[in-house]
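Student: sequence and predicted structure below; questions after.
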Amino acid sequence: MSLTNIFNIAGSGMSAQSIRLNTVASNIANAESVSSSMDSTYRARQPVFAMVQEQVMAAMAGTDRSVSGAGVGVQVTGIVESAAPLRKQFEPSHPMANDQGYVFYPNVNVVEEMTNMISASRSFQTNADIMGSAKDMMKRVLQLGQG
C-alpha cells in the first residue's frame with residue numbers, strides 16, 4: 001500500500017461518516033414530529049457501511065482468477081429504516097390525533113442518536129488526523145534527498 005492510497009481510504013471514511021452525521025441530524029430533527037397514522041410516521045434511519053475491496057488478479061496454474069484483496073475504503077450501501085416500534089400516545093385533544101385519539105411519534109431514541117453523533121464525529125476526526133499524518137510523512141520523504 002502506498003501513501004497515496006491512505007488519502008483515498010481516509011477520504012472514503014470521512015465521506016461515510018458525513019452521511020452518518022446527516023442521518024443522525026435528520027433523526028434528531030424528526031424525533032418529536034407527530035402523525036395521525038403509523039404509515040406516515042417518521043422512522044429512524046441508519047446508514048449501512050460496507051468495505052470496498054481491491055480486486056486482485058491471481059495467476060493460479062495458468063488461469064487468472066479475480067480474488068478479493070485488501071480493503072481500500074468504505075462505502076455506504078444504503079440507508080435503512082429502524083424496525084423498532086413507534087410510540088403511540090393517547091392525546092385526544094391533539095390536532096393530529098386519529099379517530100381513536102392516538103398520535104404516533106417516531107421511534108427515534110435521542111440518547112442513542114447523540115451517541116451515534118459523537119462516534120461519527122470522532123471517526124471523522126480520526127480520518128482527518130490520518131490524512132494529516134500521511135501528508136507529514138510525504139513531506140519528510142521529499143525532504144530526505146535535500147540534506
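Tutor: Okay, I see it.

Student: tell me the domain ranges of the chain?
Tutor: According to automatic domain parsing, the chain comprises the domains 3-31+45-81+108-146, 33-44+84-107.

Student: JSON lines for the ones you listed, including mean pLDDT?
Tutor: Converted to JSON lines, the domains of the chain look like this (pLDDT from 0 to 100):
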{"stretch": "domain 3-31+45-81+108-146", "mean pLDDT": "86"}
{"stretch": "domain 33-44+84-107", "mean pLDDT": "92"}
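
Student: what would those domains look like in TSV with mean neighbour count?
Tutor: Backbone N, C-alpha and C define where each C-beta goes, glycine included. Listed next are those as TSV, based on neighbours: other CB atoms under 10 Å:
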stretch	mean neighbour count
domain 3-31+45-81+108-146	14
domain 33-44+84-107	14
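
Student: could you list every helix and strand in contact with the longest helix anywhere in the chain?
Tutor: If you go by DSSP state H, the chain has its longest helix at helix 110-143. Counting contacts by 3 or more CB pairs under 8 Å, 6 or more residues apart in numbering; DSSP states H and E, helix 110-143 is packed against helix 3-29.
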